[in-house]
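Visitor: any chance you could fold what I've pasted below:
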Amino acid sequence: MGGPRRTTSGPSAQPGVLAALLLLGTVARATAQPVDYGALERTFGEPVTMSVTGKPQTATDAPANVEIITQDDIRRSGATTIPDVLQFVTGVDVRREGIASADVGIRGYNQAPNPYLMVLVDGRQVYMVDYGRIVWPAIPVQLDEIRQIEVIKGPNSALYGFNAVSGVINIITYDPLEDRINSATLRGGTQGYVAGSVVGTGRIGEKAGVRV
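Guide: Just a heads-up that it's a prediction; the model follows:
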């Protein structure tokens with residue numbers, strides 16, 4: 001089972017009825033993602049990140065310790081949840097609280113709950129202020145939808161605020177305007193474990209797309 005590398009790419013699946021229901025009928029506008037990650041990746045020959053400075057740049061040029069987990073990495077890991085994926089990243093600590101619940105920290109800032117980690121989906125904060133933590137099973141993203149996960153190890157409060165004291169995790173999903181992702185995944189395991197997911201994308205004219 002291989003861990004993630006610094007630069008790579010692809011989709012996998014996070015089980016959960018809540019995530020599936022939240023994803024149903026999600027519409028992405030043309031402005032949902034400011035850059036075409038696929039086109040820039042093909043141009044530069046490596047993944048591109050906006051998480052460090054807010055501007056697109058290659059991972060090797062970013063002025064911070066950033067690690068990019070690609071879709072290929074996610075597939076090879078055999079993970080079924082986002083914390084499962086993150087546990088393969090050096091310097092990232094994952095503390096289990098049950099079958100689906102977990103706390104994630106970077107470089108030792110792992111406490112339950114962890115208020116020092118900024119988690120984003122396509123640049124939008126998913127930190128739950130009312131709970132003072134990240135509720136990972138409630139993030140409405142399946143692993144098959146993820147293009148890459150960008151992990152910044154170290155403070156980035158100047159760009160993201162006090163929650164980014166220990167680091168930032170930005171989950172980048174496929175843009176239905178630029179990417180054609182249609183996949184079905186079925187998993188099975190011990191103790192009667194069965195899980196599956198279906199992801200489909202389509203365009204609505206020139207300015208909008210839908211991912212279900």
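Visitor: after the strand or helix carrying residue 105, which helix or strand is next?
Guide: Assigned by DSSP states H and E, residue 105 belongs to strand 102-106. Next helix or strand after strand 102-106 toward the C-terminus (DSSP H and E): strand 117-121.
Visitor: in terms of secondary structure, what does that next one contact?
Guide: Packing partners of strand 117-121 (3 or more CB pairs under 8 Å, 6 or more residues apart in numbering; DSSP states H and E): strand 102-106, strand 167-173. To be clear about C-beta, it is placed using only N, CA and C from the backbone, and glycine gets the same treatment.
Visitor: weakest of those by average pLDDT?
Guide: Sorting these by mean pLDDT places strand 102-106 lowest, at a mean of 86.
Visitor: residues in contact with that strand?
Guide: For strand 102-106, contacts defined as CB atoms under 8 Å, 6 or more residues apart in numbering pick out 81, 83, 86, 91-97, 110-114, 116-117, 119, 133-134, 136, 151, 153-154, 166-167, 169.
Visitor: gap between the nearest residue to residue 44 once chain neighbours are set aside and residue 37?
Guide: Excluding the flanking residues, the one nearest residue 44 by CB to CB, 6 or more residues apart in numbering is residue 58, at 5.1 Å. Remark: distance between residue 58 and residue 37 (CB to CB, to the nearest Å) = 12 Å.
Visitor: between these two, what contacts are shared?
Guide: 47-48.
Visitor: more neighbours: the two, which one.
Guide: Each of residue 58 and residue 37 has its neighbours counted (other CB atoms under 10 Å); residue 37 has more, 23 against 17.
Visitor: OK, contacts around that one?
Guide: Each residue near residue 37 by CB under 8 Å, 6+ apart is listed here: 47-48, 147-148, 172, 175, 178.
Visitor: picking that back up, drop anything exposed from the contacts of strand 102-106.
Guide: Taking 16 or more other CB atoms under 10 Å as the criterion, what is buried in the contacts of strand 102-106 is 81, 83, 86, 92-94, 110, 114, 116-117, 119, 133-134, 136, 151, 153, 166-167, 169.
Visitor: residue 102 versus residue 96, what's the distance?
Guide: 5 Å.
Visitor: make that residue 79, sorry
Guide: Distance, residue 79 to residue 102, using CB to CB: 12 Å.
Visitor: now do residue 115
Guide: 15 Å.
Visitor: then residue 179?
Guide: Taking CB to CB as the measure, residue 179 falls 28 Å from residue 102.
Visitor: that concludes my questions; thank you for your assistance.
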